[in-house]
Structure formats: C-alpha cells, structure tokens
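K.L.:
this one's structure only:
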C-alpha cells in the first residue's frame, strides 16, 4: 500500500529543475518532495496543472539523472551506476514526466526498476499505463516487448498494461500468447494471469482456455487460466448477471483436467462467485462427486452442492454419495453440508448416515439437540458444536 503523503514545505527550485534526496528511511524523505513534482505544479504560475493525475503526483518521486546538464556538473559514469545507495539523489523529475515516451520508456525506466524499490516500480507501472492509454496498438507493442523481457521487466510491463485503459481490448492477444508453445510455460502463465482482470471472456477464448486447463502438461499455465475464468465469472455475474458460459467451462475443467489441483480450483471458484446451480449443473456435480478419485475434490463438490436452491435434490445426492463413499473425511463433508443446505429438514438424512456409520452417532445427536433448541442459522449452529472438527479432517480453508 502506498502511504498517504505528508505535506511539507517545498525546498527552493533550482534553475528550472527539481532536485531531492530519498534516504534509506523510506517514505519520510520521499514525501517531503511531493509538493514540488513538476507535473503537479507549473513553472511560472505556481498553480497545479490539472493534467497531472493525483495518483501519479503521489507516486512520482524518481527520475533518471544523466541528462546533458547533470553531466556538465561533473557526474561520472560510476556516479550514475551507484545512484541506488543509502542516500539517492534524483535530478530533473520534469524530464521523466515530460519527455519519456512509449518508445524510450524501456531505456529510461531500466535503471529505475532495477532498484527493486516497490514505490518506484508502482510509479513506473502507472506511468506506462498512462503512456499506453486506450490504444490497442501501443498495448500490443508492450506485449511484444514482454515476449522476451527479463522476469523483472516482464512484471513491470504487465503491470503497466494492467493499469491502462487498453487492457479490455487485449483478450485475444493475451490468450494467443498464453497458448504459444514457443514460449516457456512460466511466461505463458504470466500472460494468461492477466486475463483475470478482464470484464468478460468471449466464447472462443473460453473454449481455448478450457482445452489448455484440461491438458495435463499445462502446469502453472492451466492453474492460472482456471483461476482467471473463475474470477471473470464472479465479476461478470456481479456486473451483468452473466455466469453460465464460465460455470459450464469450470465444470468441464473440474470433470476432465488431469491435474487434481486444477480440478479442485475449478470447482472451488463456484464458492467464490456463488453462481446459481440449475438442474444440469447439479447433474454434473453429482457425477464428479461419485466418480472423482480425489477425496479433496469430492469434498469441495459437496461444498458446492450446499449452495443449491433445490434442497431435496441436494439431500438426495448427499444420501446416495454417502452410501458409496469410503473416505471418512468425505463422508463428514456430505454430512455437515447436508445440514447447511437444508437445516433441520436434513436431520432424517443425517440420521440414516449415522445409522450406516456409527462414527457419526455422537455428532448427529449434537446436531439434533441444537436444532431442537431452536437454532436455525447454520453459522450459529456450527459455532455451538462441542467440536467443529470431530474427525480431524478440516484444514482452515475447508471450514463451512
């Protein structure tokens, strides 16, 4: 998080340029210079220039030295190479803000992002985003650089694209780069990861991304692709009510991916979006629940089913799945999520489960007692149990 600026009197201006010091103490010296950032204040009138974005005014604190004027002051190449020490001095902030273009951005930015200072990098991302604007051609040029950029510069370039207005236009290019087998999987994953910030994904892109996520060799690229589909689903559902094409692909990945973690993630994304589950979706979840070889995947499917509005159908699925299940932790998931989906109405099903597996007799009696006491809300009931982990199955992320 970027700290709020602390306003201090600006030091005198010198020969039309800004000079200030950033110490190793961090933000105190940084923020002493905010008042004199050149794009925030006019040279003649001393009044703010409206063209300076407030966020950039807050972040823009570094500029490269090495202009002709500073060279005339006697700075050597060694001086320039050691700018990032305990006390670093930057001249001519105006030069970076006013003269940097997309074409010379990489050259000007290189010594800055090499500092690894998070505030510097954040400023550069926002400045690059400003240079890209909403121009698809400029965004494509940045993506071209990113194909062969070093890992550190790659992150900077993608952060700049993310902060630009052109990002929503780049879905096809990002998808194409993510599917490009001439690139290493890590770089492909980096391109695909940006898809999560898009407002929507079109059907053609969704088809390609789903095939990638199903591929056993996709590795990290398949994982970030699956997450991207889920996050775009949540955003599109919130904004427009659209979720069906995303949920369809996530269920496909959840059923077909050869990677257990990818299957788990695909099915977990439903919990974050809380997309409605129709009869077709329940059929698909039931099949996964009764056929997937991973007890962890079966447990997350049980959690998904607890969001169903069709409570009788969900209870029926839990009852049948419990009978054929051999894993204790999966059975515990079916048992407790039956209560979550249907409340007190689930007690007959839960009684049958406890009768079939005596290990559940004690916990069933606790549920029965709490419902008889008048507790209706599942959250209250869960907190009222003597133990919310009677079988030692729950990790923190598994809690209802």
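P.N.:
Received the coordinates, thanks. All of these numbers come straight from a predicted model, not from anything done at the bench.
K.L.:
contacts and neighbour counts: CA atoms only from here.
P.N.:
Noted.
K.L.:
shouldn't residue 221 be in contact with residue 189?
P.N.:
Yes: if you go by Cα atoms under 8 Å, residue 221 and residue 189 touch, sitting 4.2 Å apart.
K.L.:
Which of these two has more residues huddled nearby?
P.N.:
residue 221 (25 against 22; other Cα atoms under 10 Å).
K.L.:
I'd like the distance between the more buried one and residue 254.
P.N.:
Using Cα to Cα, to the nearest Å, residue 221 is found at 16 Å from residue 254.
K.L.:
Likewise for residue 115?
P.N.:
Relative to residue 254, residue 115 is positioned 42 Å away (Cα to Cα).
K.L.:
and if you look at residue 126?
P.N.:
37 Å.
K.L.:
likewise residue 193?
P.N.:
Taken as Cα to Cα, the span from residue 193 to residue 254 is 19 Å.
K.L.:
Look at these two and report which has more neighbours.
P.N.:
A side-by-side neighbour count of residue 193 and residue 254, using other Cα under 10 Å, places residue 254 first with 29 against 24.
K.L.:
Spit out the contact partners of the more buried one.
P.N.:
Shown in contact with residue 254 (Cα atoms under 8 Å, 6 or more residues apart in numbering): 262, 263, 264, 265, 266, 267, 288.
K.L.:
Export those as a markdown table, with columns for distance to residue 354 and pLDDT.
P.N.:
A markdown table is the format used below for the contacts of residue 254 (distance: Cα to Cα, whole Å; pLDDT from 0 to 100):
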| residue | distance to residue 354 | pLDDT |
| --- | --- | --- |
| 262 | 33 | 97 |
| 263 | 30 | 98 |
| 264 | 27 | 98 |
| 265 | 30 | 98 |
| 266 | 31 | 98 |
| 267 | 27 | 98 |
| 288 | 24 | 98 |
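K.L.:
Which helix runs longest in the protein?
P.N.:
In the chain, taking DSSP state H as the definition, the longest helix is helix 219-240.
K.L.:
Please point out which parts of it sit buried.
P.N.:
Residues of helix 219-240 classed as buried: 219-237 (neighbour count, 16 or more other Cα atoms under 10 Å).
K.L.:
do stretch 99-110 as well
P.N.:
In stretch 99-110, residues buried by neighbour count (16+ other Cα under 10 Å) are 100, 102, 105, 106, 108, 109.
K.L.:
Now intersect the residues you listed with the helices, please.
P.N.:
Mapping the buried residues of stretch 99-110 onto helices (DSSP H) picks out 105, 106, 108, 109.
K.L.:
how near is residue 373 to residue 130?
P.N.:
Going from residue 373 to residue 130 by Cα to Cα gives 61 Å.
K.L.:
Specify which residue of the two has the higher count of neighbours.
P.N.:
Between residue 373 and residue 130, residue 130 has the larger neighbour count (other Cα under 10 Å), namely 18 against 9.
K.L.:
leaving aside the residues next to it on the chain, what's closest to the more buried one?
P.N.:
Spatial nearest neighbour of residue 130, excluding adjacent residues (Cα to Cα, 6 or more residues apart in numbering): residue 164 at 6.2 Å.
K.L.:
For the longest helix of the chain, which helices and strands make contact with it?
P.N.:
helix 185-193, helix 203-214, helix 244-256, helix 260-273 (3 or more Cα pairs under 8 Å, 6 or more residues apart in numbering; DSSP states H and E).
K.L.:
chain center to the longest one, what's the gap?
P.N.:
The gap between where helix 260-273 is centred and where its chain is centred comes out at 14 Å by Cα atoms, centre = their mean, to the nearest Å.
K.L.:
Would you mind getting the angle between that helix and helix 219-240?
P.N.:
10 degrees (axes from the mean of the first three to the mean of the last three Cα atoms, to 10 degrees).
K.L.:
One more: the second one?
P.N.:
Relative orientation of helix 203-214 and helix 219-240, computed by the same axes, to 10 degrees: 140 degrees.
K.L.:
Now do helix 203-214: everything it contacts.
P.N.:
The contact list for helix 203-214 (Cα under 8 Å, 6+ apart) reads 171-172, 175, 179, 218, 221-223, 225-226, 229, 245-246, 249-250, 252-253, 256-259, 262.
K.L.:
Weed out the non-buried ones from those residues.
P.N.:
Among these, those buried by neighbour count (16+ other Cα under 10 Å) are 171, 175, 179, 218, 221-223, 225-226, 229, 246, 249-250, 252-253, 256-259, 262.
K.L.:
which regions of the protein lie under the pLDDT threshold?
P.N.:
Across the chain, the ranges flagged by pLDDT under 70 are 1-95, 396-400.
K.L.:
And the one helix or strand residue 351 maps to, what does it pack against?
P.N.:
Residue 351 belongs to helix 347-356 when assigned by DSSP states H and E. The helices and strands touching helix 347-356, judged by 3+ Cα pairs under 8 Å, 6+ apart, are helix 311-324, helix 328-342, helix 361-372.
K.L.:
okay, these in JSON lines with mean neighbour count next?
P.N.:
Listed next are these as JSON lines, based on neighbours: other Cα atoms under 10 Å:
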{"stretch": "helix 311-324", "mean neighbour count": "18"}
{"stretch": "helix 328-342", "mean neighbour count": "23"}
{"stretch": "helix 361-372", "mean neighbour count": "17"}
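K.L.:
among the ones you listed, which is nearest residue 395?
P.N.:
Shortest distance between residue 395 and those, using Cα to Cα, is found for helix 328-342: 11.1 Å.
K.L.:
what sits up against that closest one?
P.N.:
With Cα under 8 Å, 6+ apart as the test, helix 328-342 has contacts from 295-296, 298-299, 302-303, 305-308, 311-312, 314-315, 318-319, 321-322, 325, 345-347, 349-350, 353, 378, 391, 393, 400.
K.L.:
Ok, stretch 293-308 next?
P.N.:
Stretch 293-308 is contacted by residues 260, 263-264, 267-268, 270-271, 274, 276-277, 282, 285, 288-290, 292, 314, 318, 327, 329-330, 333-334, 337-338, 340-341, 400 when judged by Cα under 8 Å, 6+ apart.
K.L.:
Stretch 358-373 too?
P.N.:
Residues contacting stretch 358-373 (Cα under 8 Å, 6+ apart): 344, 347, 350, 351, 353, 354, 355, 381, 384, 385, 390.
K.L.:
make it 7 Å
P.N.:
Contact partners of stretch 358-373, identified using Cα atoms under 7 Å, 6 or more residues apart in numbering, comprise 344, 347, 350, 351, 354, 381, 385.
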